[in-house]
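Participant: generate coordinates for the sequence data below:
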Amino acid sequence: KSSMFVSYILPQVKRSFESSRWDPMKNVEKAMKVYEIILEAAKTISPVTEKNVVKNLDSEHSVFETKEIDDEHHESSSSRLVDVVREELAHDIIYPKLTRTIMEWKP
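Facilitator: Predicted coordinates:
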């Protein structure tokens, strides 16, 4: 899931923010809302939390095994994805564009 997010969704959002159609002077709130949604999605896309167990509901003697998901892996994966979103969107695109707009603004 996270690789699909980084490969497909994040580049599309980056292109939208880089677009000249986004005017930070007029659409700051909408852009920040999109950023917050993407950041929240990055937090939710990571592997399932807390040693969740996938169990077969039929019986003990099934071919499906019980699988536990490691919390440490979840924490690092989740924070890495959130860090990627912050770095690629906020630090590389949004902040510089907002800064340029503020520098150009004349009351």
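Participant: which positions within the longest helix seen in the chain qualify as buried?
Facilitator: Longest helix of the chain, by residue count under DSSP state H: helix 28-45. Buried residues in helix 28-45, defined by neighbour count with 16 or more other C-beta atoms under 10 Å: 31, 34-35, 38, 41-42, 45. The C-beta positions use only the backbone N, C-alpha and C, and glycine is treated the same way.
Participant: which residues are in contact with that helix?
Facilitator: Helix 28-45 is contacted from outside by 1-2, 5, 9-10, 13, 16-17, 22, 24, 78, 81-82, 84-86, 89-90, 94, 98, using C-beta atoms under 8 Å, 6 or more residues apart in numbering.
Participant: go with 6 Å
Facilitator: Contact with helix 28-45 is made by 1-2, 5, 13, 81-82, 85, 89, as judged by C-beta atoms under 6 Å, 6 or more residues apart in numbering.
Participant: any weak-confidence spans in this protein?
Facilitator: Scanning the chain for pLDDT under 70 picks out 46-78.
Participant: which parts of the protein are helices?
Facilitator: Chain-ordered helices for the chain, with DSSP H as the definition, fall at 2-4, 10-18, 28-45, 71-85, 95-104.
Participant: by contact count, what packs against the second one?
Facilitator: Using 3 or more C-beta pairs under 6 Å, 6 or more residues apart in numbering; DSSP states H and E as the contact criterion, helix 10-18 has no neighbours among helices and strands.
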